[in-house]
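1. I'd like to go over a predicted model; first the sequence, then the structure.
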Amino acid sequence: MLDRFSRDIHYLRVSVTDRCNLRCVYCMPEDGISLLGHDDIMTFEEMEKMIKVAASLGIRRVRITGGEPLVRKNLTSFVAALKAIPGIEDVALTTNGILLPQYAQDLREAGLDRVNISLDTMRSDRFRDITRNGTIEDVWSGIEAALNANFHPVKVNVVVMGSINDDEIADFASLTKRWPVHVRFIELMPIGEGEQSFRGHFVSIEEMISKINQSGQKLYKHDGIKGSGPATYYTLEKAQGTVGFISAISKHFCNSCNRLRLTAEGQLRPCLHGAKEIDLKTPLRLGATEKKLQLLFMQAISSKPDQHFLSDQGWGGQARMMSQIGG
Ligand SMILES: Nc1nc2c(ncn2[C@@H]2O[C@H](COP(=O)(O)OP(=O)(O)OP(=O)(O)O)[C@@H](O)[C@H]2O)c(=O)[nH]1
Ligand SMILES: C[S@@+](CC[C@H](N)C(=O)[O-])C[C@H]1O[C@@H](n2cnc3c(N)ncnc32)[C@H](O)[C@@H]1O
Ligand code: SF4
Ligand code: SF4
């Protein structure tokens, strides 16, 4: 369905939980957040109903995110249910990778198309600091499990932070020569915990590219790989994968926005950076008709802003953390 700015909205990001087995410094407070109660979280059956309604309005691609989606039980059956919805062509997952060794094969068999795995450093001590106690070997095993399960493409998301991991940019780019993975560098966004670290640690895509150039590696423009998101892609000589950049702040990509977000609480968010949410869960639980739910989706689509103003206005004291929205 087209929005007010003639953008085709066909991608839904669904956060299935606000829980996480890590505590990344830019995403969650150390003590976690006050978690949603059992009744506040939508059941998978409720989410499936909502996604059916979304599909009837032209949503074709779904990304499962969180919190950490793999900590929610029965995710594999949920994937299978989504793949069976008429009109849904692509179901993808964004994960920190820790539990992938356990679930990758089952997810593939359930029909999951793609996985994006977040990894901000290749050093185990740093990984422990950034994630507040994660074990990097688990993520490496997760990436291997995803490749062995034949997911294609497998992407690695790296949030770049000045004086924390920006000295690893060139090494991460080189990873695409050794492994068939697509490494995407993401600008730190001033959201939730990210807001506190933003000013001191923000690194622009332009600076990241110049670090790769300084390392003697030349980037060639690439047409892009399968995906629904905002990355622009390059490749290094003799690489098996690509290098992508997500310039959420320095050069926003809102004119090609194609998405809506659904939180684990059943709130539709027209924009990642806007405060507006539309409650779908209450009407669904009160027995709303499909027509009524379609109208709520249409309302969300028609209230999408033309762009965000984060670099000028910051997050503006919104109560949401990134882990509650799903990125
Ligand atoms: N500003 C902004 N950032 C976004 C948006 N969508 C995704 N991102 C950020 O991009 C990063 C990577 O997101 P992923 O979950 O891997 O999803 P994706 O890039 O859409 O995935 P592909 O379908 O593989 O292209 C995350 O840090 C997101 O917060 C958006 O609409 N606006
Ligand atoms: C919120 S996480 C949820 C999925 C999963 N737990 C993971 O880490 O991949 C989704 C994405 O958002 C990114 N993210 C979280 N906070 C961010 C911030 N403040 N700025 C930029 N990206 C952020 C993460 O690095 C991750 O790639
Ligand atoms: S980025 Fe992902 S893994 Fe890290 S705390 Fe947030 S939700 Fe958890
Ligand atoms: S910031 Fe809002 S308008 Fe811009 S791409 Fe993201 S969701 Fe779309």
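-> Looks like it arrived, so ask away. Ligands and ions are numbered 1, 2, ... in the order given.
2. Show me where the protein has its strands.
-> 11-15, 61-65, 90-95, 114-118, 154-160, 182-187, 220-221, 232-235, 243-246, 259-262, 267-269, 278-279 (DSSP state E).
3. For the ones you listed, give me JSON lines that also has distance to ligand 2.
-> Where C-beta positions appear, they are placed from N, C-alpha and C, glycine not excepted. Formatted as JSON lines, the strands of the chain follow (distance: least, C-beta to the nearest ligand atom, whole Å):
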{"stretch": "strand 11-15", "distance to ligand 2": "8"}
{"stretch": "strand 61-65", "distance to ligand 2": "5"}
{"stretch": "strand 90-95", "distance to ligand 2": "4"}
{"stretch": "strand 114-118", "distance to ligand 2": "3"}
{"stretch": "strand 154-160", "distance to ligand 2": "4"}
{"stretch": "strand 182-187", "distance to ligand 2": "5"}
{"stretch": "strand 220-221", "distance to ligand 2": "24"}
{"stretch": "strand 232-235", "distance to ligand 2": "16"}
{"stretch": "strand 243-246", "distance to ligand 2": "8"}
{"stretch": "strand 259-262", "distance to ligand 2": "11"}
{"stretch": "strand 267-269", "distance to ligand 2": "13"}
{"stretch": "strand 278-279", "distance to ligand 2": "21"}
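4. closest to T289 out of the ones you listed?
-> Ranking the strands of the chain by their distance to T289 (criterion: C-beta to C-beta) puts strand 278-279 first, at 16.0 Å.
5. By mean pLDDT, point me to the weakest helix or strand of this protein.
-> When each helix and strand of the chain is scored by mean pLDDT, DSSP states H and E, helix 310-313 comes last, with a mean of 66.
6. Nearest approach to D167 belongs to which of the strands of the chain?
-> strand 154-160 (10.3 Å).
7. buried sites along the closest one?
-> Buried residues in strand 154-160, counted by 16 or more other C-beta atoms under 10 Å: 154-160.
8. repeat for stretch 171-183
-> Neighbour counts over stretch 171-183 (16+ other C-beta under 10 Å) mark 172-176, 179, 181-183 as buried.
9. still on that earlier bit, tabulate the buried residues of strand 154-160 (a markdown table), appending pLDDT and distance to ligand 3.
-> Converted to a markdown table, the buried residues of strand 154-160 look like this (pLDDT from 0 to 100; distance: C-beta to the nearest ligand atom, whole Å):
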| residue | pLDDT | distance to ligand 3 |
| --- | --- | --- |
| V154 | 98 | 17 |
| K155 | 98 | 14 |
| V156 | 98 | 13 |
| N157 | 98 | 9 |
| V158 | 98 | 12 |
| V159 | 98 | 8 |
| V160 | 98 | 14 |
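10. just curious, which of the residues you listed is nearest to G97?
-> Nearest to G97 among the buried residues of strand 154-160 is V156, at 8.8 Å by C-beta to C-beta.
11. how about the residues of the stretch 151-300 of the chain that lie near ligand 1?
-> Counting by C-beta under 6 Å from any ligand atom, the positions of the stretch 151-300 of the chain adjacent to ligand 1 are 155, 157, 186, 227-231, 246, 248, 257, 259, 272.
12. ok, D166 to ligand 2 distance?
-> From D166 across to ligand 2, the span is 14 Å (C-beta to the nearest ligand atom, to the nearest Å).
13. One more: G87?
-> Look at G87 and ligand 2: by C-beta to the nearest ligand atom, they are 25 Å apart.
14. okay, the closest residue to ligand 1 within the chain: pLDDT?
-> Going by C-beta to the nearest ligand atom, ligand 1 is nearest to G229 of the chain, at 2.3 Å. For G229, the model assigns a pLDDT of 90.
15. next one: Q196
-> 79.
16. Select from the residues of the stretch 151-300 of the chain next to ligand 1 the one having the most neighbours.
-> Using other C-beta atoms under 10 Å as the neighbour test, those are led by K155, with 25 neighbours.
17. picking that back up, close enough to count as contact, the residue of the chain closest to ligand 1 and F245?
-> No. With contacts defined as C-beta atoms under 8 Å, G229 does not count as touching F245, sitting 11.3 Å away.
18. surely R184 meets G244?
-> Yes. Here R184 lies in contact with G244, judged by C-beta under 8 Å, at a distance of 3.8 Å.
19. anything in contact with each of these two?
-> Shared contacts of R184 and G244, defined by C-beta atoms under 8 Å, 6 or more residues apart in numbering, comprise 155, 231.
20. how about the strands of the chain in a markdown table, adding distance to D129?
-> What follows is those, written out as a markdown table (distance: least, C-beta to C-beta, whole Å):
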| stretch | distance to D129 |
| --- | --- |
| strand 11-15 | 26 |
| strand 61-65 | 24 |
| strand 90-95 | 21 |
| strand 114-118 | 15 |
| strand 154-160 | 14 |
| strand 182-187 | 18 |
| strand 220-221 | 34 |
| strand 232-235 | 29 |
| strand 243-246 | 23 |
| strand 259-262 | 29 |
| strand 267-269 | 31 |
| strand 278-279 | 38 |
